[in-house]
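>>> no FASTA, just this:
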């Protein structure tokens, strides 16, 4: 189901705030209704939304009620299109026939109306509650075949359903149930970055041998997602896991610069003729593409090398092994690729690739499935991931990745479970006892040492060890950089780490947001804004770049008008405690105390299942100059071991508190008084 706002461009041209409020209202109403109709929101672009449902009947009923809820709001009218078809999820992009047709059908609907394709009509034609008008065959833009379209009649479009939902006016009219995910590098910027990175980062299991960053002029390579040739969509997790493993193996080669998974996964499903453009976007001179076929206990990986400049094939081959030997297969493939592009392996690298890595196939299968579901970052996904990682541990108690994966799940859900972090620490201790070279375990332990134990010395050691083991992993550099930045905001070493992360992972916008914080903290506002805009070029709907990048930079410049606009755009795109708190802080900074207080009340009224870190209302109180209220909440955050306390030393929000004895004492408690 695709829906968007009638006349949105005109509304924005007339009054930008009115347009942003319309987008917020549209999405808030839809999010409130989707659970009742077995639906979920799978995409947001501009003023439009894309949702999926278990059945056509559910989709049509949701459309009817959504339109009915707006009958008394003539200033907010929607057009809706519904189609039955396959969709393909590629990280943060949703593609497929279902998307294309639904997004075109909606254009045929009148304001306040809904159109459906013939395939939807066939599902509802025998249900008397649905009345339609036959619009005949239609030729739709970018759809090669004609589509028979029907319109829900005016009477039915209004649905004659119960009266519209009573949603409160103002900021945060309806807050979707959101999980603030502390991902990998921890609860960043008072747990805010966790929400931003969650969309972009995914844990990859397995250990890595010692690495070195590729020297200047080294060959650069990108491994595009391997195609799943099994014919079974349920096997996507295996193809993705094999892609991850090949990237990890190639990154062990000191003469290569290997692009991170998060950037290459954006090109999953792209056609062969687009390879030159992909290479340019990733700034690489060589591309690996291929496929995975698994039949029973046999796995075949076919790969080919392509020179980006000439678009010519350099080499191609196939490898077949039992699933028990699939990791050894990946080692052989990586060393062959290096040889074909004239990259010399060091003696240690040759020895490492030559060493067999047999693995229990069932345990590997469970870890790959657990990783796949964890990457969805949903409650259901975490539950399934937990089951698979526990299964892997039961099958192979000596297989470290099972413990590491389960530790990451516990870390991600720790905002809802106070026992989760201690459990994660125990799992990591076991993993490192089994495999002390597991870089992912060191990276997560470094994060926990930093923003839970408040032990900067131990955190420094773990972060350095993670980089030593996996210097080709962009996330290890970002994690270390953040720890450095929140001790000294313009740390040159931190900026070097961030530049490496941007080279290794050029299409992940959060890397540019973090760089902007460093540049802005030392007063280089033009470059800080440039980093914010780079993040938005990668993803124009990346709300985090508006709320924590543009808003913060403009505020530092003293331009509260532009800062407020940026924060409002962030809220319009994502109604989350993070974005709302930033808006409340900026209201306070710009002198609108009434709106700032409304934000505090809104945060208090959020449902119990929506976690609101104590730092969020605290930062608004600090902006209002109500220091005692802010400090009370920060003390609560410390008692809860909240990650935001690890960032008190340098964040702009706490400037009004810095001379207060209570704040000074709090800094001392967490080791930030030096």
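Thanks, I have the structure now. The model shown is predicted, which means the values in this text are computed figures rather than measured ones. Numbers count the residues shown, from 1 in each chain.

>>> now the helices for the stretch 451-600 of the chain?
456-469, 474-485, 492-504, 510-521, 525-538, 543-545, 551-557, 560-573, 577-589, 593-604 (DSSP state H, counting those that start in this stretch).

>>> and of the ones you listed, who's closest to residue 42?
helix 560-573 (15.3 Å; CB to CB). Where C-beta positions appear, they are placed from N, C-alpha and C, glycine not excepted.

>>> what mean pLDDT does that closest one have?
Per-residue pLDDT values over helix 560-573 give a mean of 92.

>>> mean pLDDT lowest where, among the helices of the stretch 451-600 of the chain?
If you rank the helices of the stretch 451-600 of the chain by mean pLDDT, helix 474-485 sits at the bottom with a mean of 85.

>>> quick one: closest of the helices of the stretch 451-600 of the chain to residue 673.
helix 456-469 (11.6 Å).

>>> okay, buried residues for the closest one please.
For helix 456-469, burial by neighbour count (16 or more other CB atoms under 10 Å) applies to 456, 459, 460, 462, 463, 465, 466, 467, 468, 469.

>>> which of the residues you listed lies closest to residue 641?
residue 459 (14.3 Å).

>>> pretty sure the closest one is in contact with residue 482, am I right?
No. When contacts are counted by CB atoms under 8 Å, residue 459 is not listed as touching residue 482 (10.6 Å).

>>> what about residue 268, how many residues nearby?
Using other CB atoms under 10 Å, residue 268 has 20 neighbouring residues.

>>> distance check, it against residue 285.
Counting by CB to CB, to the nearest Å, the gap from residue 268 to residue 285 is 21 Å.

>>> over to residue 397?
Distance from residue 397 to residue 285, by CB to CB: 44 Å.

>>> and these two? Which one has more around it.
Using other CB under 10 Å, the more surrounded residue of residue 397 and residue 285 is residue 285, with 15 against 12.

>>> next up, the contacts around that one.
Contacts of residue 285 were listed using CB atoms under 8 Å, 6 or more residues apart in numbering, and they are 219, 220, 221, 279, 307, 308, 309.

>>> list only buried entries from these.
In those, the ones that pass as buried (16+ other CB under 10 Å) are 219, 220, 221, 279, 308.

>>> and the furthest pair within those?
Between all members of these, the farthest pair (by CB to CB) comes out as 219 and 279, at 12.6 Å.

>>> return the member of the buried residues of helix 456-469 nearest to residue 405.
For the buried residues of helix 456-469, with residue 405 as the reference and CB to CB as the criterion, the closest is residue 466, at 16.2 Å.

>>> now do the domain split for the protein, please.
2-158, 201-358, 437-669 (automatic domain parsing).

>>> do you know which of these lies nearest residue 408?
domain 201-358 (4.8 Å).

>>> what about residue 252, which SS state?
coil (DSSP: H, G, I helix; E, B strand; the rest coil).

>>> which parts of the stretch 1-150 of the chain are helices?
8-14, 16-33, 56-68, 97-105, 118-124.

>>> what's the angle from the fourth one to helix 56-68?
To tie it back to what came earlier, the one meant is helix 97-105. On the basis of axes from the mean of the first three to the mean of the last three CA atoms, to 10 degrees, helix 97-105 is oriented at 30 degrees to helix 56-68.

>>> elements contacting helix 97-105?
strand 2-5, strand 48-53, strand 78-82, strand 114-117, strand 147-152 (3 or more CB pairs under 8 Å, 6 or more residues apart in numbering; DSSP states H and E).

>>> how about low-confidence regions in the protein?
Along the chain, the parts satisfying pLDDT under 70 run over 86-98, 142, 154-218, 270-273, 415-418, 489-490, 608-610.

>>> distance of the residue lying farthest from the centre of it from residue 337?
In the chain, counting by CA atoms, centre = their mean, residue 128 sits farthest out from the average C-alpha position, at 42.3 Å. Going from residue 128 to residue 337 by CB to CB gives 62 Å.

>>> wait, residue 435 sits on residue 400?
Yes. Counting by CB under 8 Å, residue 435 touches residue 400, with 3.9 Å between them.

>>> so which residues of the stretch 201-350 of the chain form helices?
Counting by DSSP H, counting those that start in this stretch, the helices of the stretch 201-350 of the chain are 236-250, 261-264, 275-282, 326-340, 347-354.

>>> which strands and helices lie in contact with the third one?
Think helix 275-282. Using 3+ CB pairs under 8 Å, 6+ apart as the test, helix 275-282 ends up in contact with strand 219-223, strand 286-295.

>>> make CSV out of the ones you listed and add distance to residue 673.
As requested, the helices and strands packed on helix 275-282 are exported to CSV (distance: least, CB to CB, whole Å):
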stretch, distance to residue 673
strand 219-223, 44
strand 286-295, 50
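
>>> out of the ones you listed, which one sits most buried?
strand 219-223 (a mean of 24; mean count of other CB atoms under 10 Å).

>>> neighbouring strands for that strand, and are they parallel or not?
Under the criterion DSSP bridges, strand 219-223 sits next to strand 256-258 (parallel), strand 286-295 (parallel) in its sheet.

>>> tell me the gap between that strand and the middle of its chain.
23 Å (CA atoms, centre = their mean, to the nearest Å).

>>> for it, which outside residues touch it?
214, 243, 246-247, 250, 255-259, 263-264, 278-279, 282-289, 337, 341-343.

>>> which one of the helices of the stretch 201-350 of the chain lies closest to residue 375?
Nearest of the helices of the stretch 201-350 of the chain to residue 375, taken as CB to CB: helix 236-250 at 8.2 Å.

>>> the closest one vs helix 347-354, what angle?
Using the same axes, to 10 degrees: helix 236-250 against helix 347-354 is 150 degrees.

>>> I'd like the numbering to begin with 32 instead of 1 from here.
Sounds good: first residue 32 from here, last item helix 267-281.

>>> so which bits of helix 267-281 are buried?
In helix 267-281, counting by 16+ other CB under 10 Å, buried: 267-281.

>>> excluding residues flanking it in the chain, which one is nearest residue 473?
Leaving aside its sequence neighbours, residue 473 sits nearest to residue 497 (CB to CB, 6 or more residues apart in numbering; 4.1 Å).

>>> so which of the helices of the stretch 232-381 of the chain comes closest to residue 557?
Across those, closest to residue 557 is helix 306-313 (CB to CB), at 24.7 Å.
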